[in-house]
Structure formats: structure tokens, C-alpha cells
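Student: I'll drop the sequence and a predicted model, then ask my questions.
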Amino acid sequence: MNNNPCNFSDDFVNVSAYLQYRAETNPYKLAIAYPESRDSMGRMSWTRLNNRQLNELSNRYANGLTKAGIKRGERTLLMVRPSLDFIALAFSLFKIGAIPVLIDPGMGLTRLLECVKTVSPQSMVAVPEAIALMKIVKKSFSSVKSVVTVGKPWFFKGEDTRVFADTESPIFEIARTRPDEQAAILFTTGSTGPAKGVVYEHSMFEAQVRQLIDHYKITEDEIEMPAFPLFALFSPALGISCIIPEMDPTKPAEVDPAKIVEAIESFGVTNTFGSPSIWRKVSSYCISNKIKLPTLKRILMAGAPAPLEVLGKFREILPNGETHTPYGATESLPSFDVTGTEILLPEHIKNNVEGGGTLVGKPLPGMEARVIKIIDEPIKNYDESLELGNNEIGEILITGPVTTKEYFNREKDTKKAKIKDGDRIWHRMGDVGYRDKNGYFWFCGRKTHRVETESGTMFTIKCEAIFNNHAKVFRSALVGIGEKGKKKPVIIIEPFKNNFPKTVAAKKEFIKELLEIARENKNTDMITDIRFYETLPTDIRHNAKIFREKLAVWAETGKIDEDHNLKGSVKKFIFNAFKRGED
């Protein structure tokens with residue numbers, strides 16, 4: 001495969017050029033399929049666009065958005081449900097040279113509005129519900145000058161993308177954006193602090209495309225099913241067909257596994273990406289129904305550690321494929337990779353279940369990683385004296401062509417997360433871990449989640465793994481209560497369904513068993529406080545990262561903040577278009 005089919009140079013990089021290239025070289029190949037409805041027999045009807053159609057639709061949108069006032073370099077809030085339009089509009093903004101801003105709507109109304117104020121978008125392309133929110137909460141959107149509706153406008157006047165699709169020219173000249181020019185602002189979920197806008201440059205997107213092709217050996221005859229909406233943007237650039245699965249992207253843990261399997265089998269999907277919470281359900285469904293998925297070459301699981309049990313099940317389900325658990329962050333993705341086969345080596349399983357952490361693999365080609373002393377303060381310049389040796393737990397750093405340089409309008413957070421090292425920037429992952437003698441990196445938890453007791457520091461993943469060995473434990477969370485530096489460790493248990501202790505006697509017996517396990521391991525032998533919680537709160541993006549900060553408050557006060565779930569009428573009124581089609 002030509003590594004530079006779009007003739008990118010020192011003064012021009014724009015990932016949307018890939019879409020134009022695919023339309024010219026393979027116009028009739030399926031670009032994207034979206035599930036629309038089921039017939040009386042329960043069969044799914046799919047809306048499909050080939051490369052030429054998708055490219056022309058994005059050109060029509062680019063022409064229409066330009067006429068609506070959206071310009072190169074303009075921060076544009078894109079609030080559209082996962083769909084054909086989402087992909088076409090994202091590429092149209094890249095073609096203009098505008099800067100799409102993507103924020104998870106499920107993070108909670110308060111957090112979402114704070115993100116909008118921080119980024120001060122100059123334009124907005126959104127479903128009517130989101131524009132209604134802008135009209136209601138005017139102060140947060142005061143910077144917005146140009147507004148385009150994706151679908152029929154409600155009680156307000158404005159441009160409509162449906163008109164663009166019908167009337168605008170299918171030809172558009174892509175902006176000659178520079179490699180270091182801002183390409184997009186992608187917000188983190190805010191699972192361990194405030195959500196922050198990560199600034200991507202055009203060269204970083206291009207580097208991501210090259211890494212995915214080179215490392216995973218992805219070829220143009222493959223078919224992708226991204227179970228995480230943002231990854232759908234890579235498919236046209238990679239030249240592979242994209243199948244959008246039938247699921248609520250804000251609730252991956254509630255996915256119907258039968259529908260995921262149906263999409264894989266209907267299209268012969270070869271590559272897929274999603275949260276471990278999805279693959280837990282899919283693997284159980286496949287094993288129960290004796291289903292194998294022979295077309296799949298690889299499943300990428302990211303967002304949280306993938307359970308050993310799930311990786312083991314896929315050994316039976318994938319006769320021709322492999323599982324991967326890439327490790328990184330919105331700020332640097334992908335950075336590390338490891339296969340299920342490597343994770344399931346006997347010595348690695350033993351280290352995991354005994355509290356040695358989660359294996360995250362080795363840095364991808366072109367990436368460099370280090371482990372440094374745990375320091376909470378900003379580090380201005382890199383110093384080799386900070387580096388730790390093998391098997392010493394510290395903070396993990398990463399640098400390379402996909403590593404971003406800053407957060408938008410958050411200088412303080414940028415200083416805390418980035419370290420200058422000559423011409424390059426190290427990103428502080430905010431995770432603690434270590435490198436073993438074979439060059440593998442192991443994840444031990446978030447730096448902010450460590451529990452500092454009078455007897456020493458305890459790390460979440462190392463401790464939780466011990467309790468997760470109990471047959472009735474689905475997952476657990478380590479938190480600390482009390483005075484800083486003298487925290488008391490508390491382990492909070494989420495049992496499997498039907499195993500939650502309903503009587504005092506059952507609770508005492510469960511705790512007794514857990515304490516016996518804890519006393520046998522040096523990571524947990526000082527834990528005496530064990531509590532139960534029916535469903536641990538998790539992030540909206542992957543439904544897998546545990547909100548330990550919220551649980552720490554609950555352990556101290558008995559109360560928990562549920563704002564991140566954005567429950568009630570506000571969600572139903574404003575954001576239901578992210579979950580269904582327009583009328």
C-alpha cells in the first residue's frame with residue numbers, strides 16, 4: 001500500500017484527502033452502512049453509501065457549510081448522532097479546514113455546558129434538540145455566530161443540511177491545511193477530573209492512520225465495525241468499509257450481543273473496536289449459542305482493562321483472529337498494544353491474578369515510553385534522573401507522532417500533563433505502572449486513585465485483582481477515606497447479579513471469605529473495610545472506567561453524584577436524537 005497516496009508534504013496534510021482519493025481510485029466500493037429499520041420478518045434494512053457517494057455528500061455539505069458562514073480555522077461544535085451524516089459532516093469540516101469540536105453528550109449537562117464555554121465555538125452543526133439547548137442556555141453558547149441544523153429545524157430559523165444534500169455542488173476543493181494546523185478538538189470524558197479539550201493537529205490524524213495500517217496490517221479489502229462512534233472516522237481514511245452497529249453508543253454495557261453478531265455475520269466484518277463491556281456480553285452470547293466468528297481478524301478492546309475471562313472465551317470464538325487491547329488516551333492514541341495471546345501466557349496470568357497489574361504491552365513502532373517517579377506537580381523539562389528501573393512503580397510517559405501537545409484553553413492542565421524534551425513533548429498518562437525485565441509495561445491504576453496510608457501506597461488495579469478472584473465478585477474498587485497521607489483503604493464490591501448479599505448473615509459470610517483472600521496477599525493484607533454496591537458508577541464513553549472519586553465520597557458520606565448519567569427529562573428532550581433517527 002502506498003504510504004503517501006494523497007501526496008502529503010511539509011506544507012500540506014489533511015485527512016479528508018483520503019476520502020477523495022478512495023472515491024477516485026475505488027468509487028463503487030461500500031464506504032458505510034447504517035442500520036435503519038427492520039421488516040416484518042425482523043430483518044435489518046441498511047442504508048449504504050459507496051466511496052464516491054460519501055465523498056460527494058461531504059463535498060455538498062462542505063459547500064453548504066461554507067455558504068452558511070463556517071470558515072477555515074473556525075471551531076465548530078459538531079453535535080450529531082452516530083450516522084452517515086456524522087461521518088460526512090466531519091469530513092466536510094476537515095475539507096473546509098474548520099475545527100470540529102466533539103463532546104460526549106452523556107457526560108452530564110453541567111459538564112457539557114462547561115466544555116462549550118471553555119472552547120468558545122464560533123459555529124455549530126447539530127441536531128434540533130442540541131440547537132434548542134443553545135436557545136435555552138444562551139450564555140454558554142454566546143460565542144456561536146453560525147448555526148446549521150442537521151434535520152428539520154423546530155421553532156427556529158436556520159440552514160438545513162438536507163437542503164445542502166439536494167442543491168449544493170458535489171465538487172469541493174480541499175483546504176491546503178498545514179501539518180501543524182489545528183484539525184479538531186476532542187474532549188475527554190472527565191472520568192478523573194474535568195473534561196478537557198484535546199487539540200489535534202492534521203499531522204497527528206495522518207500519523208494515526210499510518211500507525212493503524214502499519215501495526216495491524218489493515219488492508220483495503222477489510223470491513224470495519226466500530227462500536228465507538230469516533231473510530232468510524234478512520235474507516236474512510238483506511239480505505240475500508242464501515243458498518244455502524246445497531247446499538248446505543250452512550251450505553252455500550254447494555255448492547256444486545258445478538259445484534260452485534262448479526263452485523264458481523266451479515267457483512268463478514270474483519271476488524272472491530274469497542275469497550276470491554278461490549279465484548280463481555282458478546283463473548284458470553286457466542287459461547288452459550290456455540291457461535292464462531294471466522295471472518296474476524298482482530299478485535300480491539302480499549303477503555304479499560306479487558307477481563308482475562310473474556311480474552312479466553314474469544315480463543316474459542318475467533319478461529320482466524322486475535323484480540324488486542326491497545327492502551328493509550330485521547331491525548332495519545334494508539335500508544336501501546338498487546339495481544340490476547342500474550343496476556344494469556346501462564347506467567348502473565350499468574351502475575352495479573354496475584355496483583356501484579358494489567359499487562360498493556362509494548363510501545364508501538366515510533367512511540368517511546370518511560371516510567372518516572374510519582375510526582376503530582378507539573379514538570380517543565382524532562383530529566384533522566386526522574387526515570388525508574390525495571391519493576392519500579394511510577395507514572396507512565398509516552399511520546400511520538402500521535403502524542404498531542406496541549407489542551408484547548410487550559411494552560412494549567414497542559415502544564416500538569418506535558419513535559420518538554422527538546423523538540424518533543426512527553427504526555428503524562430496520569431497512570432501508574434512499571435516496565436518488566438522483558439520490556440512489557442504493566443498498568444497499576446490511575447495516579448489520582450492511589451491510596452496513601454500510613455503504612456505505604458496502595459494501587460487500585462493491584463488490590464482489586466485480588467478480590468476479583470472471588471467467584472461471586474463482578475468487579476471491585478479501592479478507595480481511601482480520611483486524612484491525606486493517612487487514608488484508610490476501603491474495598492467496594494460489585495457482586496455478579498443474584499449474588500448481592502440480601503441478609504446480614506449472607507453479608508458477614510461474604511465479607512469473611514473476602515478477608516481470607518485479602519490476608520493471603522501483601523497488596524491487600526491490611527484491608528479490613530469491605531462494602532457492597534449494586535452497580536459501580538462508570539464512564540459514559542466505555543461503561544468500564546470506574547468513578548472511584550465518586551465512590552470515595554460515598555464511602556465517607558453515603559451519598560454519590562449521579563450527574564454524569566444525565567438522567568431525566570433533560571436528556572430525553574435535548575439528546576434523544578443521538579439515539580434515534582430524525583422524523
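Tutor: Alright, I've got the coordinates.
Student: run a quick neighbour tally on N381.
Tutor: Per other CB atoms under 10 Å, the neighbour tally for N381 reads 9. For the C-beta atoms, the positions are set from N, CA and C on the backbone; glycine is no exception.
Student: can you tell me how far it is from K290?
Tutor: Distance, N381 to K290, by CB to CB, to the nearest Å: 58 Å.
Student: which residues does T330 contact?
Tutor: Residues in contact with T330 (CB atoms under 8 Å, 6 or more residues apart in numbering) are L186, F187, T188, V198.
Student: let's verify the first one: helix, strand, or coil?
Tutor: When you say that, I think you mean L186. Following DSSP: H, G, I helix; E, B strand; the rest coil, the label given to L186 is strand.
Student: next, work out how far apart it and R410 are.
Tutor: With distances taken as CB to CB, L186 is found 14 Å from R410.
Student: tell me the phi and psi of A417?
Tutor: Dihedral pair for A417: phi -100, psi -20, per degrees, to the nearest 10.
Student: ok, what's across the strand from the nearest residue to I343 once chain neighbours are set aside?
Tutor: In space, and not counting its chain neighbours, I343 is closest to L359: 5.2 Å by CB to CB, 6 or more residues apart in numbering. Beta-bridge partners recorded for L359 (DSSP bridges): W442.
Student: for whichever strand in the chain runs longest, packing partners?
Tutor: Ranked by residue count under DSSP state E, the longest strand found in the chain is strand 424-435. Under the contact criterion of 3 or more CB pairs under 8 Å, 6 or more residues apart in numbering; DSSP states H and E, strand 424-435 touches strand 327-329, strand 368-372, strand 394-399, helix 411-417, strand 418-421, strand 441-446.
Student: what's the least confident stretch among these?
Tutor: Here the helices and strands packed on strand 424-435 differ in mean pLDDT, and the lowest is strand 327-329 at a mean of 93.
Student: who does it pair up with?
Tutor: Strand pairing for strand 327-329, using DSSP bridges, gives strand 332-337 (antiparallel).
Student: list the residues that contact the residue nearest to I343.
Tutor: Counting by CB under 8 Å, 6+ apart, L359 makes contact with V338, E342, I343, H348, N351, N352, Y440, F441, W442, F443.
Student: farthest-separated two in these?
Tutor: Spanning the widest gap among the contacts of L359 are E342 and F443, at 14.3 Å by CB to CB.
Student: which residues does G274 contact?
Tutor: By CB under 8 Å, 6+ apart, G274 lies in contact with P226, A227, F228, P252, I299, L300, M301.
Student: turn the residues you listed into a markdown table, including pLDDT, distance to G321 and neighbour count.
Tutor: Putting those into a markdown table (pLDDT from 0 to 100; distance: CB to CB, whole Å; neighbours: other CB atoms under 10 Å) gives the following:
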| residue | pLDDT | distance to G321 | neighbour count |
| --- | --- | --- | --- |
| P226 | 94 | 16 | 22 |
| A227 | 88 | 16 | 25 |
| F228 | 83 | 19 | 19 |
| P252 | 86 | 20 | 24 |
| I299 | 97 | 7 | 30 |
| L300 | 96 | 11 | 22 |
| M301 | 95 | 13 | 28 |
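Student: turn those residues into JSON lines, columns for distance to E159 and secondary structure.
Tutor: Output for these, formatted as JSON lines (distance: CB to CB, whole Å; DSSP: H, G, I helix; E, B strand; the rest coil):
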{"residue": "P226", "distance to E159": "29", "secondary structure": "strand"}
{"residue": "A227", "distance to E159": "32", "secondary structure": "coil"}
{"residue": "F228", "distance to E159": "29", "secondary structure": "coil"}
{"residue": "P252", "distance to E159": "33", "secondary structure": "helix"}
{"residue": "I299", "distance to E159": "40", "secondary structure": "strand"}
{"residue": "L300", "distance to E159": "37", "secondary structure": "strand"}
{"residue": "M301", "distance to E159": "40", "secondary structure": "strand"}
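Student: as TSV, those with distance to C115 would be great.
Tutor: Formatted as TSV, the contacts of G274 follow (distance: CB to CB, whole Å):
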residue	distance to C115
P226	23
A227	24
F228	19
P252	21
I299	31
L300	27
M301	27
